[in-house]
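*Asks:* sequence first, then the predicted structure, then my questions.
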Amino acid sequence: MEMLLYVVYILIGTFVGLVMGALPGLTVTMTMVLVVSLTFGWHMMDALAFIVGAFCGGVMGGSIAAVALNIPGTAAAVATVFDGYPLKQKGEADTALALAMFFSLLGGLFGILFLSILGPIIGSFALKFGDHEYFLMCLWGLTLVSILSKGSMLKGLAAACLGLLIAFVGMDPITGLMRFTFGSTVLGGGINYIVAMIGLFGMKEVLTQLSARKAFKVEGFQFHLKDLFPKLDLVKKVFKCFFWSAPIGSIIGLLPGTGGDIGALVAYGVSKQMIKEPTRPFGDGAYEGVAAPETANDAAIGGAITTLLTLGIPGDSVTAVMLGSFYLHGLLPGPTFMLTERHYFYMILIFLLIGVLFAYILGILGSNLMLRMLNLPKWFLIPSISILCIVGSYALRNNIYDVLFMILFGLLGYAMEKGGYPVSPIVLSLILGSLIETSFRKALIISGGLPALLVSFFTRPLSLIIILLVVASYVLQYKYVRKGV
Amino acid sequence: MRKLGLVGLLVTLVVLGLVCAPFSYAKYPEKPITVFVGFPAGGPTDVIARGILPIVQEKLGVGIGIQNVPGAASAIAAKQVLSRPADGYTLMFGSEAMSTWQVMGTADMSPYVEFVPIRIVAEAIPVLAVPPNSPFKSAEEFIKYAKENPGKLKISTAGPATVPHVSGLLLQKYLGCKFTFVPYRGGKPAVTAAMGGHVDATIEMVQSMVEAHKSGLIRILASFTNEPVEGLDVPPIGKLFPELSSQLPYGPYFGLFAPRGVPKEVIEVLTKAMDEAAKDQRWLSYCKKFFLVPVNYSGREAYEYVKNWTAKCAWLLYDTGVAKNSPEKFGIKRPQ
């Protein structure tokens, strides 16, 4: 009986998460904050069921918006846009959504498996990951620029550098002094990458549509609910990227401070290097380009919760909020928690399982609605998207200046697109930039100088493994290129 | 549909806020109060705010909404509070980060000039800890090694000019040793770095590592106090090194602030509600669980407390070269 009540809470949580996740700017983290403060007075188990449901729903919702609107609903869905939107433009929105949701489900299930079997054993592995490793991993992620450049490498690099410059604005993470703020507190908090993301993808789209001489194409495609289930032969074709994307997602989710967004980006990059003959070129509507990041961002849920429960360390910003809610309910997760309050661990496992399944079912119904909405007239769609962008960027930090920045980014994105510059490298380097900078500078302090740092990249076992992986992926790709010629 | 969902959500929240709090009899407050927290939800300041404010809400009889506006060491939230009418319906739940704004060049605001400290409700206790496989078994060994090898020991902190960093600077100044500080983004990552053995030690609030200490993932050597901390089997550093004791206990403060210009009656109402909430058993057990020291400073006392704290911290940051602005520029006098 009690279990039934929990299921209802999970269902409601998933629904709330899905709706919030699908709204651009209302990130999973934001959803969690709202849900946590809403459930403050509740029973711990009820609250937990609701929170876990919202987590699963939020990640799924972000992907729906990414494909349908070209605005990643959450940061974790940013990599889904790269191929999801081209697919939509080719009239395959339903296929893209079907793939995205199906692989989200698979990724989520993998994450749960990971949490239940490997979690307790390798939880402490996350501790071995130091600044050297974070630096190398993010640097690896940054090589994605080459894919996102779509033709002109030079223009892609220019955009990436612009992104890195923007990432430097605000409080210097090492000295605590202000930089590039021109003496203004407005810039003191830095520029949030989600604000930039909404502007560069969402607002830009609005501006592009407005300026197009021809009214924007009515996508009168017909779709049926059954189209939202992927075709078996298509799944077979792209299934191989699950093998590396799921572990990548779970492991990156496991690491403190990195979550589904970085997991998805790395999985996308690795898939690009591993898959010799994609269904279409990456960035041009490759099915693998949707499946890989979607697997990874959902697999990251299990990883992040593992670190939270076994070590008491939040794996990403979402689990950081979750940790806050544990505190509010008077629980201190950590190694001793795992021994004394083990029933919470199993309950969370079961909640996650139910949450992931609900997210899939609700996701299909929600996508159906979303796709139908895209057939609405432009005079309705364009203002709606603009409002979503504004509300989303404001709600993020309750800061009106973020709305201003979002519009500026929209204009920037529009100008860049006119000039033939890709916009995604800006978002990529904004997400990775601050992590690259802080981890590099901390690694420098820890090793005590540049020569020592360079040596330590090869003497630390984990960083050596990462370097070998990077080299291997390039060698493999090179072989393929030669064979292809 | 999505828009409807959002509107519906907002309406629900507002209605909830109203239903939870029946209208009060007094003149102030007659509508819900917004309290800004300058750090993300789930962080230490937020957790403390959410620990006491629900009780204050009961005492006041109106809803209190917590608004997290993170960024720039809570200066962005403070700016927003100051930009709203000083009518007592917009307040700030602040912490010691406010004391570093001026010297660090974050913002030209002061927690006791632009703001009125209504009540300081808690202090936290920083502790010094080492990784489990560290050769140092005691704080004495640790400091001895640091004195012999200046700059060799690396200490992870929650960020530049934060309490852990300043606590480390205290050790440097009064014990004559030198460390290399590695700033992380918040307390949790700093503790994680120490657990993984990436640094030689860490300084962080006791509540963020007590679980790890109990399970042997980290070893706490000493607390930054003069007296032993209840429920924690570690020596106070003031006892080990008497030359430090004049500066201890050293820890962050947390409290409710109003923008200057708020009517006196409003401050009185708020002070009374906070006083009652601070004596509430729920708050006291909350403090115990998180190793917070419940304190009771309001009015003039709170003003002096924040002023002294700011002076101590600002001069230490300036003397050790961390801050670039001289505290004198802002009329902050050197303590003693």
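*Replies:* Great, that's in hand.
*Asks:* using PDB, write out every CA atom in stretch A:117-136.
*Replies:* Backbone C-alpha positions of stretch A:117-136 (Å, rounded to 0.1, in the frame of the first residue of the first chain) are rendered in PDB as follows:
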ATOM      1  CA  ILE A 117      26.400  -3.700  -8.800                       C
ATOM      2  CA  LEU A 118      29.600  -1.700  -9.200                       C
ATOM      3  CA  GLY A 119      28.600   1.400  -7.300                       C
ATOM      4  CA  PRO A 120      29.500   0.300  -3.800                       C
ATOM      5  CA  ILE A 121      32.800  -1.200  -5.000                       C
ATOM      6  CA  ILE A 122      34.200   1.500  -7.200                       C
ATOM      7  CA  GLY A 123      32.600   4.500  -5.400                       C
ATOM      8  CA  SER A 124      36.100   5.400  -4.100                       C
ATOM      9  CA  PHE A 125      37.500   5.300  -7.600                       C
ATOM     10  CA  ALA A 126      36.000   8.800  -8.000                       C
ATOM     11  CA  LEU A 127      38.400  10.100  -5.300                       C
ATOM     12  CA  LYS A 128      41.400   9.100  -7.400                       C
ATOM     13  CA  PHE A 129      40.300  11.600 -10.100                       C
ATOM     14  CA  GLY A 130      42.400  14.700  -9.500                       C
ATOM     15  CA  ASP A 131      42.800  18.000 -11.300                       C
ATOM     16  CA  HIS A 132      45.200  16.600 -13.800                       C
ATOM     17  CA  GLU A 133      42.600  14.100 -15.000                       C
ATOM     18  CA  TYR A 134      39.800  16.600 -15.100                       C
ATOM     19  CA  PHE A 135      42.000  18.900 -17.200                       C
ATOM     20  CA  LEU A 136      42.800  16.200 -19.700                       C
END
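*Asks:* ok, residues contacting it?
*Replies:* A:254-258, A:302, A:306-307, A:309-311, A:313, A:315, A:338, A:435-436, A:438-440, A:442-443, A:446-447, A:453, A:456-457, A:460, A:462-463, A:466-467, A:470, B:192-193, B:195-198, B:217 (C-beta atoms under 8 Å, 6 or more residues apart in numbering or on different chains). To be clear about C-beta, it is placed using only N, CA and C from the backbone, and glycine gets the same treatment.
*Asks:* pull up the residues of the stretch 301-450 of chain A that are close to chain B.
*Replies:* A:311-314, A:317, A:320-325, A:327-328, A:330, A:332-337, A:369, A:373, A:384, A:387-388, A:391, A:397-399, A:438, A:442, A:445-446, A:448 (C-beta under 8 Å from any C-beta of the partner chain).
*Asks:* I figured B:Asp280 was touching B:Ile55, is that so?
*Replies:* Yes: under the criterion of C-beta atoms under 8 Å, B:Asp280 makes contact with B:Ile55 at 5.0 Å.
*Asks:* B:Leu317 touches B:Gln172, doesn't it?
*Replies:* No: B:Leu317 lies out of contact with B:Gln172 (C-beta under 8 Å); the separation is 12.0 Å.
*Asks:* and these two? Which one has more around it.
*Replies:* B:Leu317 (24 against 17; other C-beta atoms under 10 Å in any protein chain shown).
*Asks:* mind checking the SS state of that one?
*Replies:* helix (DSSP: H, G, I helix; E, B strand; the rest coil).
*Asks:* whichever of the residues of the stretch 301-450 of chain A next to chain B end up buried, select them in ChimeraX.
*Replies:* To isolate the buried members of those in ChimeraX, using 16 or more other C-beta atoms under 10 Å in any protein chain shown:
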select /A:311,312,313,314,317,320,321,322,323,324,325,327,328,332,333,334,335,336,337,384,388,391,397,398,399,438,442,445,446
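*Asks:* out of the residues of the stretch 301-450 of chain A next to chain B, list just those in strands.
*Replies:* Assigned to strands by DSSP state E, none of these qualify.
*Asks:* which ones among the residues of the stretch 301-450 of chain A next to chain B are found in helices?
*Replies:* A:311, A:317, A:320-325, A:327-328, A:335-337, A:369, A:373, A:384, A:387-388, A:391, A:397, A:438, A:442, A:445-446 (DSSP state H).
*Asks:* in ChimeraX, select just the buried ones from the contacts of stretch A:117-136.
*Replies:* Per 16+ other C-beta under 10 Å, the buried members of the contacts of stretch A:117-136 correspond to this ChimeraX selection:
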select /A:254,255,256,257,258,302,306,307,309,310,311,313,315,338,435,436,438,439,440,442,443,446,447,453,456,457,460,463,466,470 /B:192,193,195,196,198,217
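*Asks:* count of neighbours near residue 46?
*Replies:* With no chain named, the answer covers chain A. For A:Asp46, using other C-beta under 10 Å, the count is 15.
*Asks:* let's do chain B instead
*Replies:* Neighbours of B:Asp46 (other C-beta under 10 Å): 24.
*Asks:* residue boundaries of the strands in the stretch 51-200 of chain B?
*Replies:* B:64-68, B:90-95, B:115-124, B:126-130, B:154-157, B:180-183 (DSSP state E, counting those that start in this stretch).
*Asks:* got those as JSON lines, with distance to chain A columns?
*Replies:* Below are the strands of the stretch 51-200 of chain B laid out as JSON lines (distance: least, C-beta to the nearest C-beta, whole Å):
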{"stretch": "strand B:64-68", "distance to chain A": "6"}
{"stretch": "strand B:90-95", "distance to chain A": "12"}
{"stretch": "strand B:115-124", "distance to chain A": "13"}
{"stretch": "strand B:126-130", "distance to chain A": "14"}
{"stretch": "strand B:154-157", "distance to chain A": "6"}
{"stretch": "strand B:180-183", "distance to chain A": "5"}
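*Asks:* for those strands, give me TSV that also has distance to A:Lys276 and mean pLDDT.
*Replies:* What follows is the strands of the stretch 51-200 of chain B, written out as TSV (distance: least, C-beta to C-beta, whole Å; pLDDT from 0 to 100):
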stretch	distance to A:Lys276	mean pLDDT
strand B:64-68	47	82
strand B:90-95	54	90
strand B:115-124	55	90
strand B:126-130	49	93
strand B:154-157	43	92
strand B:180-183	42	91
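*Asks:* thinking again about what came up before, mind checking which of B:Asp280 and B:Ile55 has more residues around it?
*Replies:* Legend: neighbour count by other C-beta under 10 Å for B:Asp280 and B:Ile55, higher for B:Ile55 (21 against 15).
*Asks:* up against chain A, what does the stretch 101-250 of chain B have?
*Replies:* B:104-107, B:154, B:159-161, B:180-185, B:188-189, B:191-193, B:195-199, B:210-212, B:214-215, B:217.
*Asks:* out of these, which sit inside helices?
*Replies:* B:104, B:188-189, B:191-193, B:195, B:210-212, B:214.
*Asks:* out of these, who's nearest chain A?
*Replies:* Closest approach between those and chain A, by C-beta to the nearest C-beta: B:Glu211, at 3.3 Å.
*Asks:* burial measure for the closest one, as a count.
*Replies:* 18.
*Asks:* wait, what's in contact with the closest residue to it other than its chain neighbours?
*Replies:* Computed as C-beta to C-beta, 6 or more residues apart in numbering or on different chains, the closest residue to B:Glu211 that is not its neighbour in sequence is A:Gly334, at 3.3 Å. Contact analysis of A:Gly334 by C-beta under 8 Å, 6+ apart lists A:310-312, B:211-212, B:215, B:217.
*Asks:* surely A:Gly269 is in contact with A:Ser146?
*Replies:* No: because the distance of 9.2 Å does not satisfy C-beta under 8 Å, A:Gly269 is recorded as not touching A:Ser146.
*Asks:* ok, the two, which is more surrounded?
*Replies:* Between A:Gly269 and A:Ser146, A:Gly269 has the larger neighbour count (other C-beta under 10 Å), namely 26 against 15.
*Asks:* how far away is A:Phe345 from A:Tyr193?
*Replies:* 33 Å (C-beta to C-beta, to the nearest Å).
*Asks:* what about those two, which has more around it?
*Replies:* Using other C-beta under 10 Å, the more surrounded residue of A:Phe345 and A:Tyr193 is A:Tyr193, with 24 against 20.
*Asks:* do you know the pLDDT at the more buried one?
*Replies:* The per-residue pLDDT reported for A:Tyr193 equals 81.
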